[in-house]
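Asks: With the input below, show me the fold.
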Amino acid sequence: MDIELKKGLQIIARGKGAIITSFIDQYHVAARVSSTGENITLELSEIEFLLDDDDPLITSLVTGIPQVSDEEYVEAKRRFEILVKVGSGEISKKQAAIDIGISLNHIYKILRDFDQAKGPISIARASRGVKRGELRLSQEVEKVIGDAIKKFKGKEAIPFSTVWKEVEVLCLERGLKTPSKPTVTQRIFLSLTPYQVTSLRNGKEIAAQKHKAKPGVKSVTYPLELVQMDHTLGDCILLANDRIHPIGRPWATFVMDKYSRVLLGYYLSLHVPSTVSVASALAHAVLPKWEFLERMGVDKFSYPFFGVPQLLGMDNAKEFTRPGFLLELDKAQIHYKHRPPGRKHFGGHVERIIGTFMGDLHLLSGRTMSNAVARKNLHTSGVPTMTFSEFCHWFFLKVREYHDTVHSELGKSPAQAWAEYYDPTGVTPYPPFTTDPQQFRLHFMPSEERHVQTKGIEFKHMYYWDNVLSPLVGIGKVTIKYDPMSLKQIWVKFPSGFVPIPFADMSSPDYSYEEYRAASFYSGRQTPGSFTTQEGPAAHREAQGVEVKSLRETRKARRQAAAKEEYEKAFYPKNKSTAPKDLPDYSKPPKKFDAGEGS
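Replies: Below is the predicted model:
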């Protein structure tokens, strides 16, 4: 049977029902998928025909009756069944109008088009206007657009406007009317595959991650068979303990079990990920969390996830490839595998968890938003309010919340997936415990060199002491190891092994390395001579007040003294004699007073 390709012909395109909307060239046609409305470009070799002569819809489409949407055909089928009853006399035309929901006059119009042999399509309401995906440009312009798309389709990260500019130049050179940018964009989507479109927009690497098959991904059948580790920088600003000065954005290192999606462990820091971050996160993942919960003050919650992974998946960052770290993994009998370059899907599960937690961070005050568009809407809500210690507490609660949330891929929560395998009443009650957890922790602890002083070993502004250190005082440096999660003690290397040494002041509270950094973060940047507490400025102001008061009192005393001196000079001069100026000479006889002598 010969079938002529026409607009409106229903076909099978890539396994889905579709309708031809237009013709592009002698090798390609444009079609619309009936179920989704998606416009696609097909080669002629991809088209499959429907050849069911008993279906009135197919027959009518082949003969060229205008296309209708799926919704319109469903409505036409409903009306057709009602009109069949009218023809058989089961119901009246008036009742049919009521059942269809139209006027009685309109029922006569529909009956004129009604053809029981053709079926519902005879009374289907064809869509008016330009059909979605229909191409209405001239063949010359379509060819120009096709040439421009062909020129750029093998390139990467090209804006669609660049393709349109090429179309504009070609049209001007050939005296054709230039199509609009949206029209050219539509042809790009019709002409190229989704992979080619993404490659043109964003590059081949992103296109491969989005559209290409991902063979080689290891499937797992039980917990701890494959564990993935990765880092991320949090999109929020934290404050120093004074709640005034910002100290930066936190880093988080995640260790995730692929089978159950539980977060086996994590490490929060204020510095770029290093071997300290990696080792601390791994130790947190492998060992039970009882001490961690108690130190965090969240022991009312449970964190039952731990265990040594059989295979540890990592990327190729330098902290994951350092020989020292890999040697410690070998000692702990942990197999590891680095992600092949360019194959990001090998760590896709842990990256999705990272995306989940970053979404939660965007709800915090002080969020920064890595997305530039979202960052435009930040106002006062972007003011940081949380210290590092508070952030650690908040982050743990979000981890607990995540473990109890149903996972879209698992169909259950990560905690349920873990508990279904490790059931205390079942065949496998618990994950395997490490025989010597302290030794395991020591394998990955960072080490430093320190002098043993008479007061002990000074480390992070604290002194550590035990009597076993007495023979080592003043003889040189010793090797120490410390647990970044808890600085209440350090470990000093002796010939027989490492010995724990506690705080010299046993009453000092425990704290983590990152809490220590947070407490001293801002003080490390202070200008010499500046104040460190609020009492300093208060004392400075009070000293100024004493100085001003003393100056005022001194001036007052000096004014009083000067006034007194002037008064005494005026009324009680010091050099004024009380004796008469001319005293009589008593050795001579007195003169006789003569009244006229002085006149």
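Asks: I'd say residue 501 and residue 462 touch.
Replies: No - counting by C-beta atoms under 8 Å, residue 462 is not a contact partner of residue 501; they are 11.1 Å apart. No exception for glycine: its C-beta is placed from N, CA and C like everyone else's.
Asks: So between those two, which is more surrounded?
Replies: residue 501 (22 against 17; other C-beta atoms under 10 Å).
Asks: immediately after the helix or strand that one falls within, which helix or strand?
Replies: Take DSSP states H and E as the rule and residue 501 turns out to sit in strand 497-502. Note on strand 497-502: by DSSP H and E, the next helix or strand toward the C-terminus is helix 513-521.
Asks: sorry, back to before: quick one: strands adjacent to the strand holding residue 501?
Replies: Looking at strand 497-502 with DSSP bridges, its partner strands are strand 486-494 (antiparallel).
Asks: quick one: contacts of the partner strand?
Replies: Outside strand 486-494, the residues that touch it by C-beta atoms under 8 Å, 6 or more residues apart in numbering are 291, 295, 442, 445, 457, 459-460, 462, 464, 468-469, 472, 478-483, 498-503, 508, 510-513, 516.
Asks: Could you pull out the buried residues of it?
Replies: Burial within strand 486-494, assessed by neighbour count using 16 or more other C-beta atoms under 10 Å, is assigned to 487, 488, 489, 490, 491, 492.
Asks: Also stretch 28-39?
Replies: Of the residues in stretch 28-39, those with enough neighbours to count as buried (16+ other C-beta under 10 Å) are 28, 29, 30, 31, 32, 33, 34, 39.
Asks: Residue 335: which of those is nearest?
Replies: Distance to residue 335, by C-beta to C-beta, is smallest for residue 33 among the buried residues of stretch 28-39, at 46.3 Å.
Asks: Contact partners for the closest one?
Replies: Under the criterion of C-beta under 8 Å, 6+ apart, the neighbours of residue 33 are 13, 16, 17, 18, 39, 40.
Asks: now residue 514
Replies: For residue 514, the set of contacting residues under the criterion of C-beta under 8 Å, 6+ apart consists of 268, 269, 270, 388, 392, 484.
Asks: Repeat that for residue 276.
Replies: Going by C-beta under 8 Å, 6+ apart, the list of residues near residue 276 reads 269, 446, 484, 513.
Asks: At which residues are the helices of the stretch 201-350 of the chain located?
Replies: Counting by DSSP state H, counting those that start in this stretch, the segments of the stretch 201-350 of the chain that form helices are 204-211, 275-286, 290-296, 318-321, 323-331, 348-361.
Asks: got those as CSV, with mean pLDDT and distance to residue 404 columns?
Replies: As requested, those are arranged in CSV below (pLDDT from 0 to 100; distance: least, C-beta to C-beta, whole Å):
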stretch, mean pLDDT, distance to residue 404
helix 204-211, 65, 31
helix 275-286, 89, 19
helix 290-296, 86, 16
helix 318-321, 86, 30
helix 323-331, 83, 31
helix 348-361, 66, 13
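Asks: Burial-wise, tell me which of these comes out on top.
Replies: When those are scored by mean count of other C-beta atoms under 10 Å, the highest mean neighbour count falls to helix 275-286 (a mean of 24).
Asks: centre of the chain versus that helix, how much separation?
Replies: 21 Å (C-alpha atoms, centre = their mean, to the nearest Å).
Asks: between it and helix 513-521, what angle do the directions make?
Replies: Between the axis of helix 275-286 and that of helix 513-521 there is an angle of 140 degrees, by axes from the mean of the first three to the mean of the last three C-alpha atoms, to 10 degrees.
Asks: about what we covered before: filter the contacts of residue 276 down to the buried ones and express that as a ChimeraX selection.
Replies: What follows is the ChimeraX syntax for the buried subset of these, where burial is set by 16+ other C-beta under 10 Å:
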select :269,484,513
